[in-house]
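Novice: How does the following fold in three dimensions:
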Amino acid sequence: MTTARLFPFDEVWWVYLAATLLIGIFLAVDLGVFHKKAHRVGMREASIFAVIWVLVALLFNLGLYYWSLSFLRGHPPVGVTAEAAAMQTAMEFLAGYVIEYSLSVDNLFVFVVVLNYFGIPPELRHRVLYFGILGALVFRALFIGLGAVLLQFQWVVISLGVFLVFTGYRVMTADDERGVDPEKNVLIKWLRRSMPVTPRIHGQNFFIREDGAWKATPLFIALAFLEMTDVVFALDSVPAVFAITNEPLVVFTSNMFAILGLRNLYFLLAEAVDLFHLLKYGLGIVLMFVGLKMTILNKMWDGHFPISISLGFILVVLFIAIAGSLLYPKKTPNQESS
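Specialist: Predicted structure coming up:
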């Protein structure tokens, strides 16, 4: 935003590079070792990896705290101690991670519909999601870089704050039967017109050579659709994290580590996504809150609303939404009619 940043890019560019390389190593090991052979990801495997990726993110946050403390002692911030600024950085990372992760749960509905529509077998879904994550990392980095530049202007901050409030209201009032029809999607229609597409899946291949020509398989079309939907999702999630912190480094790393665990979140919750029927209200409230934080609350607190209150509010709202969903399950049409 318009306040000075603690971690100028020209001084900490290597941290961005190190985080990117670290995530690249994790992804390479994931595909090259644990998922070298296509197989169906079961609940046990998904649970183990989901916990691992969360722990990896928390360990990175711990490292981020100690690195920030060392860096800020050599570059003393104005009006606050290095210890307090480093703790705030760690809390902002955690808040950004929670926001990105929780928004991803709501987006899993689209993933389920798309993969089912294209008939992607369970043993190949990890491959589609894996390469989808790679694309998501690239697009998020571009959005974050653009946001870091634009959010230096106050009118952009206000505009995005209003947008987040509106988006939160839209999420809360959206119809539960979210219409996702890949057949009517503009991108899918364009791809099918512009390139030959095989009617059936050919193993793990995104493209095959058939009748002397290269053809896309349904695996690639599903991947393209997921990439497009992630771009749309990023329009909500990236500004939401920028509402928590004005540090691009924190936005970048919290987004990257949250996306890293998205595949396992899918395999954990794909069959149970409808259980969390109240989550949309929690997410809507969170988005409206961070929008108000950008537009009003920061000004009321001399430019920076306390991150401890923000993080606490977000965690409590999401906990209530998830607990409420489990305690008061959504009634089926048969239950409603009886």
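
Novice: from here on, contacts and neighbour counts on C-alpha atoms
Specialist: Noted.

Novice: how about V251, what does it touch?
Specialist: Going by Cα atoms under 8 Å, 6 or more residues apart in numbering, V251 touches F93, G96, I144, V238, V241, F242, T245.

Novice: What helix or strand is the fifth one located in?
Specialist: This means V241. helix 218-242 (DSSP states H and E).

Novice: what's that helix packed up against?
Specialist: helix 82-117, helix 122-150, helix 154-173, helix 186-194, helix 248-260, helix 279-292 (3 or more Cα pairs under 8 Å, 6 or more residues apart in numbering; DSSP states H and E).

Novice: relative to helix 218-242, how tilted is the fourth one?
Specialist: This means helix 186-194. Orientation of helix 186-194 against helix 218-242 (axes from the mean of the first three to the mean of the last three Cα atoms, to 10 degrees) gives an angle of 150 degrees.

Novice: again with the longest one
Specialist: Taking the same axes, to 10 degrees, one finds that helix 82-117 is oriented at 150 degrees with respect to helix 218-242.

Novice: Repeat that for the last one.
Specialist: Orientation of helix 279-292 against helix 218-242 (the same axes, to 10 degrees) gives an angle of 50 degrees.

Novice: Determine which two of the contacts of V251 are furthest apart.
Specialist: F93 and I144 (14.4 Å; Cα to Cα).

Novice: Looking at those two now, which is surrounded by more residues?
Specialist: Here F93 and I144 are compared on neighbour count by other Cα atoms under 10 Å; more neighbours surround F93, at 31 against 21.

Novice: How confident was the prediction at that one?
Specialist: You'll see F93 listed with a pLDDT of 95.

Novice: And R209, which helix or strand is it part of?
Specialist: Going by DSSP H and E, R209 is part of strand 207-210.

Novice: Can you list the neighbours in contact with the helix or strand immediately after that strand in the chain?
Specialist: Counting by DSSP H and E, the next helix or strand C-terminal to strand 207-210 is strand 213-216. Strand 213-216 has contacts (Cα under 8 Å, 6+ apart) with M195, P196, V197, T198, F206, F207, I208, R209.

Novice: closest to A258 among the residues you listed?
Specialist: F206 (25.9 Å).

Novice: how far does stretch 157-170 sit from the chain's center?
Specialist: Mean C-alpha position of stretch 157-170 versus that of the full chain (Cα atoms, centre = their mean, to the nearest Å) differs by 18 Å.

Novice: Can you list the buried residues in that stretch?
Specialist: V157, I158, L160, G161, V162, F163, L164, V165, T167, G168, Y169 (16 or more other Cα atoms under 10 Å).

Novice: Stretch 207-219 now?
Specialist: Taking 16+ other Cα under 10 Å as the criterion, stretch 207-219 shows F207, I208, K215, A216, T217, P218, L219 as buried.

Novice: which of the residues in stretch 8-23 are buried?
Specialist: For stretch 8-23, using 16+ other Cα under 10 Å, the buried residues are Y16, A19, T20, I23.

Novice: how close does L249 sit to M256?
Specialist: Shown here: L249 relative to M256, a distance of 11 Å by Cα to Cα, to the nearest Å.

Novice: what residues are up against the most centrally placed residue in the chain?
Specialist: Closest to where the C-alpha atoms of the chain average out (Cα atoms, centre = their mean) is E100, at 4.2 Å. Counting by Cα under 8 Å, 6+ apart, E100 makes contact with S237, V241, S254, N255, A258, I259.

Novice: contacting residues for G324?
Specialist: L278.

Novice: Need the per-residue pLDDT for it.
Specialist: Looking at G324, the pLDDT reads 92.

Novice: Three-state assignment for it, please.
Specialist: The three-state label given to G324 by DSSP: H, G, I helix; E, B strand; the rest coil is helix.

Novice: Roughly how far does it sit from G32?
Specialist: With Cα to Cα as the criterion, G324 and G32 are 40 Å apart.

Novice: and what of L115?
Specialist: 23 Å.

Novice: So those two - more neighbours on which side?
Specialist: L115 (22 against 11).

Novice: How about that one: what's its closest non-neighbour residue?
Specialist: A222 (6.7 Å; Cα to Cα, 6 or more residues apart in numbering).

Novice: The one you found and F139: what is the separation?
Specialist: A222 is 17 Å from F139, by Cα to Cα.

Novice: In terms of neighbours, single out the busier of these two.
Specialist: A222 (25 against 17).

Novice: which residues does the more buried one contact?
Specialist: Contacts of A222 (Cα under 8 Å, 6+ apart): V114, L115, F118, V128.

Novice: Show the pLDDT at L27.
Specialist: 83.

Novice: Assign it to helix, strand or coil.
Specialist: Applying three-state DSSP: L27 is helix.

Novice: burial of it, as a residue count?
Specialist: There are 17 residues near L27, going by other Cα under 10 Å.

Novice: now S310
Specialist: 18.

Novice: just to revisit the earlier point, T81 versus the residue nearest to L115, what's the distance?
Specialist: From A222 to T81 the distance is 49 Å (Cα to Cα).
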